[in-house]
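> Provided below are the primary sequence and the corresponding predicted coordinates.
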Amino acid sequence: MRPFVRRPAVSPLRAACGGAAVLSALCSGPGCGARGGHLTAPTPIGVSPIAPTEAPPPPDAGLPPVDAGPGRPMKLTMYFVAEQPCPDGTDAALPKCGGGSLAAVSTGFRKTAAMQGSARLCDGRVVSVRTVHPLCFAVVEGAPWGKTASGRPARPFRSIAVDPAELTLGHWYFVPELRGLVLPAPSTGEVHDGCVRADDVGGGVKGAHIDLFVGRRDAMAALADLHAHGVTLADGATICP
């Protein structure tokens, strides 16, 4: 995830993948399981846009109903922080902004880190992409999940990447299908209130499409139904924090 304006929120590979991180079972091809790399533009490996169909019944977590007004059907995809495998290979350098290298890593991990925009290294450092051409990373302080294109820390299940031509960065939106969902790690047991904020952008996030940051790759399984059916996005200015 990366500072807005200075660099795109998503590297070329992420753009090629439709701006979406998908479950291994839902995609195939190089980099799919690892979320690929942003260094080159391979054959797209994301799931084709899916028009919302019949959504699964909303979970019942005892939350009072909320009337957010009319909503807009949206494709939902997900992305996460790349976790370096430990031990990892050392055949590639993770380029440091300003010159030099942050670490010696495997080629596969470098591609994954570039695609997701943020990564956690084996030594605990969190790094984010600053520029794509040339590709370089910077260590992020005070943001355990990396930073978004708006400069805000990424928040699992709360931050979304959007097309700024369609939705307003920094604005709160409401997703009724998320309301009442009992969240997996890294927010284990929390009940989602349906509110999300447009914190990020993505090269492959265009039109009626939101990319939800879920923190960890394995968290995507809990939202597989929403990925398959799509969601509804309404204005959240009057009901969200």
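That came through fine.

> Tell me the spacing between the residue nearest to Pro134 when sequence neighbours are not counted and Cys240.
Nearest residue to Pro134 in three dimensions, chain neighbours excluded: Pro95, at 7.0 Å (C-beta to C-beta, 6 or more residues apart in numbering). The C-beta positions use only the backbone N, C-alpha and C, and glycine is treated the same way. Separation of Pro95 from Cys240 (C-beta to C-beta, to the nearest Å): 38 Å.

> now do Gly69
Gly69 is 13 Å from Cys240, by C-beta to C-beta.

> more neighbours, the two?
Neighbour totals were compared for Gly69 and Cys240, and Cys240 leads with 18 against 11 (other C-beta atoms under 10 Å).

> so what's that one up against?
172-174, 193-195, 197 (C-beta atoms under 8 Å, 6 or more residues apart in numbering).

> what number of residues lie near Trp172?
Based on other C-beta under 10 Å, the number of other residues close to Trp172 is 17.

> now it, which residues is it bridged with?
Judged by DSSP bridges, the bridge partners of Trp172 are Arg197.

> And Asp211, by the same measure?
As assigned using DSSP bridges, the partners bridged with Asp211 are Thr77, Ala161.

> So the residue nearest to Pro134 sits against Cys136, correct?
Yes: assessed by C-beta atoms under 8 Å, Pro95 is found in contact with Cys136 at 4.8 Å.

> spatially speaking, which residue is in the middle of this structure?
Tyr79 (2.8 Å; C-alpha atoms, centre = their mean).

> these two touch, right, it and Ala119?
No: with contact defined as C-beta under 8 Å, Tyr79 and Ala119 do not form a contacting pair (11.8 Å).

> in the lengthiest helix in the chain, what counts as buried?
Criterion DSSP state H: the longest helix present in the chain is helix 107-116. Within helix 107-116, the residues scored as buried using 16 or more other C-beta atoms under 10 Å are 108-116.
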